[in-house]
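1. Got a sequence here, can you model it:
(3 chains)
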Amino acid sequence: MPIRETFWNIPHWAELVQYVLMVLTMLVFTYGVFRRIRRWRQGRPERRTDRLGARLGSVVVHAVGQVRTAREAYAGIMHLAIFWGMIALLMGTALATVDWDVTRLFFGFQFLTGGVYVVYELVLDVLGLLVLIGLTMAIVRRYMLRPARLGNAPRPILAWDDAYVLVMLMLIALSGYLVEGLRIAVVQPEWARWSPVGRMVAGWFIALGDPTNRNLHIALWSSHAVIAFTFIASIPFTKLFHLIAAPANIFFRSLQPGGTLTVTPADREPGVKVWRDFTWKEILDFEACVRCGRCQDVCPAYSSGLPLSPRDVMIKLDAHIWARGNGHALAGDVITPDELWACTTCRACSQACPVFVDHLASIVDLRRSLLAQQKADARLMDTLGTVRRYGNSFGKSDRQRALWTQGLEPRIKDIRKEPAHTLWFVGDYASYSPTLLEITRATARVFRHAGMDFGLLYEAERNVGNDVRRVGEEGLYELLAMKNKAALDKCDYAEIVTTDPHTYNALKNEYGLTRPVYHYTEVLERLLASGQLSLIDRSTHVVTYHDPCYLGRYNGVYDAPRRVLEAIGCRVVEMPRHRECGLCCGAGGGRIWMQETPGAKERPAESRVREAAAVPDVGILVVSCPKDLVMFQDALKTTGLEGKIVVKDLIELVDEAIQGGTPQ
Amino acid sequence: MSQDIWVVVETLRGAVMDITYTSLAAGRILADGLGIRLVAVLLGHNAEPLAGTLGTADSVIYVDHASLADFTPEAYRRTISGLAKELAPRAILFGHTSMGMDIACGVSLDLNAPLISSCERVKLEDGRPWYSSPTCGGKIIAEGPIPDPVCVLTIVPGGYKPEAVRLPGPKEVVRMAPSAALEGLRITLKKYIEPQAADVDIAKEPMLVAVGRGIQQADNIALAEALAQALGGVVCGSRPVVDQGWLPVPRLVGKSGVSVKPKCYVALGVSGAPEHVEGISGAELIIAINTDPRAPIFNVAHFGTLLSMFDLLPALTEKIRQAPRP
Amino acid sequence: MHIVVPIKLAPDLVEDLEIDAGGAALDRTFLRLIINEFDDHAIEQAFLLKERGGGQVTIVAPDLEGADDVLYTAAAKGADRLIKLIGDFSAGVNCHALARTLAKVIGDLHPDLVLTGVQAHDDLDGAVGPLLAEHLGMPYLGYVAGLTVSDGKCMARKEYPGGLVAEMDVALPAVFGIQAAEKPPRYVVTSLITQAMKSATIEEIETGEFDSGGAAAVERMSRLEATTHAEMIEGSTDQVADKLVAVLRERGLLAPRG
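-> Numbering: from 1, shown residues only, chains lettered A, B, ... in the order given. The predicted structure is shown next:
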C-alpha cells in the first residue's frame, strides 16, 4: 500500500536538528514581526477596527482571492501561480509533518496512505510545477521584459531583495523536486507514477545507484530544509513581509467612501513633519507595498513626465522610516515638493493597488506640512489666499456669484428666503468661469423644463473646499465647510444637487449632511426614467464619455451619465481607459491652481483628448465636470485637435434634446 | 518775486526724466490760467546743459552743488524747501515717482503747504485752479481746488504727453546757491546697479504685446510670443508677471519699469492699474483683451474685447499671419 | 532690532465702489477693506529681516473691519507684538491724520526700522511713510525693494524707472517705503492663524482725535465708468479677430513678411 515515510533516509539526529532549526526560525520570524509591529505603533492613532465582518470579507476577496492582482493577465497568472503553488507546497509539508510527527508518533496512525497519499503526491507534484512556471514568468518579466515600473531607482539595493525572493523560491522548488527524485530513484516505489515530475527527476539519477543517491539525498534534503527555514525566517526582513502586511493592510483599509482624508488634530502642527506624525496605518501602507508598480502605470502625473511615482513615494517613505529620519526633512528632502505637488489626487493609484495602499493619505499629509512651510507653488498660495478672502478661487466678489442668473426669468429662487425641494450648490467654476456661463444657464433651463423646484444660496455659497483640502489646507477647508454648513442649516430643502463632482464629493462624503446629495447626472437619470423630463428631439450623436475622478473612482457614479446619454439618443463608445480606469484630466487636487511644471511630456488633458479623438466615429467628448470642460477645451487647442472632436458638457446635449434642434 | 508755478526737474544720471515734461505741461496750464510764470527747478552738479530741453518753462532755477550730483532725499528736499521759503512759489509740482514721492511730503510739511498726490490733470474752473487725481486703482476720480497760497502736487503720467513740451532752451537760467546746509546727511548713495542687460529695448519697439496677471501661468506666455512674432514685435508685461519671474525685469512696463511709446500695444489680461497705465500713455493704439468688463485698461484702450485671450489669440495670430500685406 | 510695520486698510477693488451722497467721498456703507498690498510686502520684508538677523516685529493696524485678521495672520507668520489703534476710523482717515496718530504710538516703541508700504491705492495726500518719518524725525527712503541691515546702518535698494537700482546707505532708525519685498508675501495656513487667534494678544491703544490737516480738500468724486474710452468689439472669436486685423491693416501696422 502506498504510504508516506516522511523521514526516509534521514538519520534521527538530522530530524532533531530540523526541529531545533524550526524553533530558531520561529524565534527570528517572531522577532522580525514584532519589530515591524513596534514600528507601526510609533505612528499616530487611527481607528480601523469597526465593521469586522466587512473587513474579514475584504481579506477573503482581496488577500486570499487576490481579485485585484488578477486584473492583469500576465502578472495575475504569475502571482497566483506562485502564491497558490507555494501555499499548496507549504500545506503539503505541514500535512506530512503532522502525519509523521503528530498522528504517527502520538496516536499511532497515518492518514497519508493508500489513495489519499497518491492524490497528495500528484497534487503537490503538479502544483510545484505551477510554482516553477510562475517563477519563470517572474524572472522573464523582471530580467528580460524589464517593465519600467519594476525599476528600483529610489533604492537600487532593493534589486537584491527582489532577486533574493526569486532565487529562494526557485531553490526551494527545485531542491524539493531533487529530494523527491532521489528518494524515488533509490526506493523505486510502485506508486511513483503518481509523482510524474519526481519520477522524471529520478530517471536522471538511477544510473548513479546506491549509495551515491542516498548521500545526495541527505545533502539535498538538508539544503532544502535550511533554505526553507531561511526563507521563512527572512519573511519579516524582506519584501516577503507582504505575506503578512498585505492581508493586514487589506483588513485595516479605510471603509469610508473613497479618499476620505484623516483630520489633523487642531492642536498639532499641520500634516506630517517627522515620520512619527504618520498614522500607524500609513506606516503599514509603506510596508504592505510590494513595489509592483501598478500605481505608477496608471498615474497621470507619472505618465505626463512629472517627477511623481506613487510607488517610489512608498519606497522612499519606507526606507526613511527604517532609517528613523536620519536628519532629513520628510516633506522636502525625502519626498521632494515637486513630487508631492504633481499629484492630481485622481485615486487611480489606490484603485489599482492590489494591497489597498492609500497613497493619497500620505501625500496629502505631506502636502499639509509643505504648505505650512510655504514650500508650494506661488500661484497655488496666491489662489488659497484668494479663496480665504473671497470664498472663491476666481478672486471675484461673492456679490457676483449669481451674476450668471441675470436675465433668467423668472428669477431663480433664493433658497435662503423661500423653501425649495432642491438646493442647487453651483460651485465656483460653474458660477464664475466665463467659459461656463452658458452651460450653467443651460443647466437652469433643463432643471426648469423638468419642473424641478430648486433654489440657490446666492452669495452665501462658498467654495466647497474639496480641492483646498487636498492641497493640504485643512484649516481653510474647515473654515469654508463651516460657512457653507451654516448657510445650508438655515435653508429649507430636501436634497442638494450640484454639477461639480468635486463639490459633490465634499458635500456628500465630508460635510456630514443629513439630506441626500446628488450629482446632476443622477438627477437627470431619475427624471428621464420617471418621464418627468420630456424630450422633443432625440439626438443621434456618437459620443464618448469621460469619467470625472471625483464622480467615478471616488463615488462610483459610472452608470447614471451613460444612461442619460443613451436616453437622449446618443450612442456611447468607450475610450480604452474608462470607468475605474478613466484617465484624470489633470485638474484635480488643486493642480488647476498651480503652474504647469516645465518639462512635462504631455499633459494628462492632452493625452485624454487624443485618446477621445482616436475612438472611431466619435465626434463629441462628453464631460460632466466643469473643470473637465475647461481643461479639455484648452487641450484641444494645444493638440490641434479642434475640428476633429468637440468637448461638451452632458447638460448641453440634454438641453439640445429638450429644445429640439441640435445647434452645433 | 511774484508767485510762480514750480516744476522740480527729475534727472537720473544725466538725463531729464519724462515725468518732468508731463509736469511742465500741467504747470504750463496752471501758469497760463493764472497769468503767472512757470519755473523749472533743476538741481545737480555740472548739470546746467540739462536746462536746454526745458523750454516750456519761462525760467529755470539751477542749483549746483556736489551733494546734488545724484538724487538723495535729504539734500534735494532741504534745497527745494530752502528755495521755496525764500521765493514763495504758488505751487510746487513733483513727479509722483521714486524721487518725487521721497521728498514731496517733507517739502509740504516744511512749507506748511497742503499736499495733493497722484494728480493726473489740472484745469482752471471759474478762475480757480483745479486738480483731478485718479484713485482706487483708477476706478475713482477725485477733484478739488488747488488751495492758496501755496500747494505741493505730485503728478502722475498719463494726463499729458511729454513729447509736446520737450522744447529747446528756456528764456533764462537763474543760478542759485543752495540756501540750506547739505551736511550731516543720513542717506547717502553708494552706487547704481544696472538693470539686467536688456535683449531688446521695449521703449523703442513699435509693436508690443503686453501680458498681465490674466495670463495665469508662465506657459501661456508662448501664446503672447506667437502673437508678437506675427506682429513683428516683442512681449512685455506688467508687474505681477515680472514679479513671478515669467518675464525679465527689462520687459516691465509701467512706473517702476519702462515707459513705452509703441505704434501698437496689445494688452492681454492686463487690468490697467495706474502704475502700468502710466507707462503706456505714449502708445498710439491700445488694444485690450480682458474678460473683466470693469478693468480700467478699457479706459485707456482704443479697442477692447471681453473674449478670453485663450480663445482669441490662436485665431488672431493665425489671421494676422495670413493677412494680405500692403 | 525692533522693526515696526504700520499697516493701512484700503478699499478692496474687487468690489464695486460707490460715491456717498455728499459726492466727495467713497460710500463706506458696503465698502470692504483689504490690507494695502504694499503693506503686505512691508510685513514680508520685516520677517525676511528678522529671519536673517533676528529681532522683534511689531505690527500696528487701525481698528477697522479686517484689522484683526491682518494682525492674527501676521502673528501666525511670527510677529512678536500686535497693536490695534482704537479710534473712529470708520469715516476714513487720510495719510496726514494716520501718520500723526501712528507717530505718537510708534515713537514710544523706539523702533530701529519702520517699514511701510510705499503707497496705497487710495492715497490722495501723499503717503503714510514719508509723513510718518517727518513726525518721528527719521529719514525716509521710498520705492525700496530690498534691505540689508548691519551695524546700525541699513543698505537699501531703491528702484528707479527702467530697472535701475540705487544702493543707498541709511542711518538707523529710519522709515522705508517698501515697493516690493525680496520675496512675494508668504501664505500662512489657516490652522496657524486659528492657533494665533487663541494664543496671541492684540494690544489696544486709544488714538484720541485725528488731525487731518495738511491735505487738500476733495470737492468731487466720480466713478470712472468702464469702457468710457475703448470701442468694444463683440461677436465670435473669428469676428473679433477679423475686426482686429482690419484695425491693424487700416493703420498700416501689419509688418511686411520676411
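2. How far does the helix or strand hosting A:Ala54 sit from its chain's centre?
-> Assigned by DSSP states H and E, A:Ala54 falls within helix A:52-59. The chain centroid and the centroid of helix A:52-59 are separated by 18 Å under Cα atoms, centre = their mean, to the nearest Å.
3. Give me the next element, helix or strand, following that helix.
-> Taking DSSP H and E, what comes next after helix A:52-59 is helix A:73-97.
4. what residues does that following helix touch?
-> Residues outside helix A:73-97 that contact it (Cβ atoms under 8 Å, 6 or more residues apart in numbering or on different chains): A:4, A:6, A:66, A:69-70, A:112, A:120, A:123-124, A:127-135, A:137-138, A:141, A:169, A:172-173, A:176, A:228, A:292, A:294. (C-beta placed from N, C-alpha, C; glycine too.)
5. which strands and helices sit next to the helix holding A:Ala54?
-> helix A:242-251 (3 or more Cβ pairs under 8 Å, 6 or more residues apart in numbering or on different chains; DSSP states H and E).
6. got the buried residues for the helix it packs on?
-> A:242-251 (16 or more other Cβ atoms under 10 Å in any protein chain shown).
7. Please spell out which residues along stretch B:272-289 are buried.
-> Quick answer for stretch B:272-289 (16+ other Cβ under 10 Å): B:272-283, B:285-289.
8. How about that stretch and chain A, touching?
-> No: figure legend: stretch B:272-289 not in contact with chain A (Cβ under 8 Å from any Cβ of the partner chain); closest approach 12.5 Å.
9. hey, where'd the helices end up in the stretch 1-150 of chain B?
-> All helices of the stretch 1-150 of chain B, identified by DSSP state H, counting those that start in this stretch, fall at B:18-34, B:73-87, B:100-111.
10. Tabulate these in a markdown table, adding columns for distance to chain C.
-> Shown next, in a markdown table, are those (distance: least, Cβ to the nearest Cβ, whole Å):
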| stretch | distance to chain C |
| --- | --- |
| helix B:18-34 | 8 |
| helix B:73-87 | 6 |
| helix B:100-111 | 4 |
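11. do you know which of those helices lies nearest A:Glu46?
-> helix B:100-111 (57.4 Å; Cβ to Cβ).
12. what packs against that closest one?
-> Helix B:100-111 packs on helix B:73-87, strand B:91-95, strand B:115-119, strand B:151-155, helix C:128-136, strand C:140-150, going by 3+ Cβ pairs under 8 Å, 6+ apart.
13. So what are the sheet partners of the second one and their directions?
-> Spelled out, it's strand B:91-95. Strand pairing for strand B:91-95, using DSSP bridges, gives strand B:5-8 (parallel), strand B:151-155 (parallel).
14. Looking at those, spot the one closest to A:Gly640.
-> Comparing these by Cβ to Cβ, strand B:151-155 comes nearest, at 50.0 Å.
15. and the direction of the closest one versus that of helix B:100-111, what angle?
-> Following axes from the mean of the first three to the mean of the last three Cα atoms, to 10 degrees, one obtains 180 degrees for the angle between strand B:151-155 and helix B:100-111.
16. Can you name the residues of the stretch 401-550 of chain A that neighbour chain C?
-> A:472-476, A:478-479.
17. how about the helices and strands packed on helix B:100-111 in JSON lines, adding distance to A:Pro300 and mean neighbour count?
-> Below are the helices and strands packed on helix B:100-111 laid out as JSON lines (distance: least, Cβ to Cβ, whole Å; neighbours: other Cβ atoms under 10 Å in any protein chain shown):
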{"stretch": "helix B:73-87", "distance to A:Pro300": "55", "mean neighbour count": "21"}
{"stretch": "strand B:91-95", "distance to A:Pro300": "53", "mean neighbour count": "29"}
{"stretch": "strand B:115-119", "distance to A:Pro300": "49", "mean neighbour count": "28"}
{"stretch": "strand B:151-155", "distance to A:Pro300": "53", "mean neighbour count": "29"}
{"stretch": "helix C:128-136", "distance to A:Pro300": "49", "mean neighbour count": "26"}
{"stretch": "strand C:140-150", "distance to A:Pro300": "39", "mean neighbour count": "22"}
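18. Excluding sequence neighbours, find me the nearest residue to residue 206.
-> Just so you know, I chose chain A. Of all residues not flanking A:Ile206 in the chain, A:Ala185 sits nearest, at 5.0 Å (Cβ to Cβ, 6 or more residues apart in numbering or on different chains).
19. not what I meant, chain B
-> Per Cβ to Cβ, 6+ apart, closest to B:Pro206 is B:Lys263, 4.4 Å.
20. Check A:Glu510 too.
-> A:Thr260 is the one closest to A:Glu510 (Cβ to Cβ, 6+ apart), at 6.6 Å.
21. which SS state does that neighbour fall under?
-> coil (DSSP: H, G, I helix; E, B strand; the rest coil).
22. check contacts around it.
-> By Cβ under 8 Å, 6+ apart, A:Thr260 lies in contact with A:254, A:509-510.
23. correct me, but A:Leu56 touches A:Phe252?
-> No: the pair A:Leu56 and A:Phe252 does not pass the contact test of Cβ atoms under 8 Å, sitting 11.7 Å apart.
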